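In: Give me a 3D structure for the following:
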Amino acid sequence: MKNLIFIVILSLSSFTFAKTTDTGIDGIVIKNLVCDVFGFSPSSVGDSGVTFNLINRNSYSIKGKIHIEIYDDHGNRIENRWRNFSLAGVRGKKIKFKTLTECSRYNHTSFLLKLY
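Out: Okay, the predicted model is just below:
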């Protein structure tokens, strides 16, 4: 499969998105983006992050990398993470990115999906 790259920028002002966000890659969507707390102490390093569902609506499997960048309200990048992923056809996967920054500091998030 030819390399495909797409960037999605989402605002995290309300911290939760129940809607489906089209990625621009045919059949691939992001759903339920939330700023999440993974532990009991939200002020602890690594206890918060971004969680979302990556959905493959195609009948064939895909694999690639997903890159996430998180920005503060001044437009400064405060987080930068990569993760490999694979999805069978007509499947979804919950993806969690732990971050070093508390959710309250997020302003917007940029996703870069690269399929190979």
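
In: What are the buried residues along stretch 20-39?
Out: Across stretch 20-39, burial judged by 16 or more other C-beta atoms under 10 Å covers 21, 23, 25, 28, 29, 30, 32, 33, 34, 35, 36, 37. C-betas here are computed from N, CA, C, even on glycine.

In: again, but for stretch 53-66
Out: Those would be 54, 55, 56, 58, 62, 64, 66, for stretch 53-66 by 16+ other C-beta under 10 Å.

In: out of the residues you listed, which are inside strands?
Out: The strands, defined by DSSP state E, take in 54, 55, 56, 62, 64, 66 from these.

In: Leaving out the residues flanking it, which one is nearest to residue 96?
Out: Among residues not flanking residue 96 along the chain, residue 51 sits closest, at 4.8 Å (C-beta to C-beta, 6 or more residues apart in numbering).

In: ok, the one you found touching residue 98?
Out: No. Counting by C-beta atoms under 8 Å, residue 51 does not reach residue 98; the two are 9.8 Å apart.

In: ok, back up a step: which two from the buried residues of stretch 53-66 end up farthest apart in space?
Out: Farthest pair in these (C-beta to C-beta) is 58 and 66. Separation: 16.4 Å.

In: For stretch 63-83, output the C-alpha coordinates as PDB.
Out: Below are the C-alpha coordinates for stretch 63-83, written out as PDB (Å, rounded to 0.1, in the frame of the first residue of the first chain):
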ATOM      1  CA  LYS A  63      -0.900  -0.700  10.000                       C
ATOM      2  CA  GLY A  64       1.200   2.400  10.400                       C
ATOM      3  CA  LYS A  65       2.300   5.000  12.900                       C
ATOM      4  CA  ILE A  66       0.300   7.600  14.700                       C
ATOM      5  CA  HIS A  67       2.000  10.800  16.000                       C
ATOM      6  CA  ILE A  68       0.400  13.100  18.500                       C
ATOM      7  CA  GLU A  69       1.500  16.600  19.300                       C
ATOM      8  CA  ILE A  70      -0.200  18.600  22.100                       C
ATOM      9  CA  TYR A  71      -0.100  22.400  22.300                       C
ATOM     10  CA  ASP A  72      -0.800  24.900  25.000                       C
ATOM     11  CA  ASP A  73      -3.000  28.000  24.600                       C
ATOM     12  CA  HIS A  74       0.000  30.000  23.400                       C
ATOM     13  CA  GLY A  75       0.700  27.600  20.500                       C
ATOM     14  CA  ASN A  76       3.800  26.100  22.100                       C
ATOM     15  CA  ARG A  77       4.200  22.300  21.600                       C
ATOM     16  CA  ILE A  78       4.300  20.700  25.100                       C
ATOM     17  CA  GLU A  79       4.100  17.000  24.100                       C
ATOM     18  CA  ASN A  80       5.400  14.900  21.200                       C
ATOM     19  CA  ARG A  81       4.800  11.100  21.000                       C
ATOM     20  CA  TRP A  82       4.800   8.300  18.400                       C
ATOM     21  CA  ARG A  83       3.100   4.900  18.500                       C
END
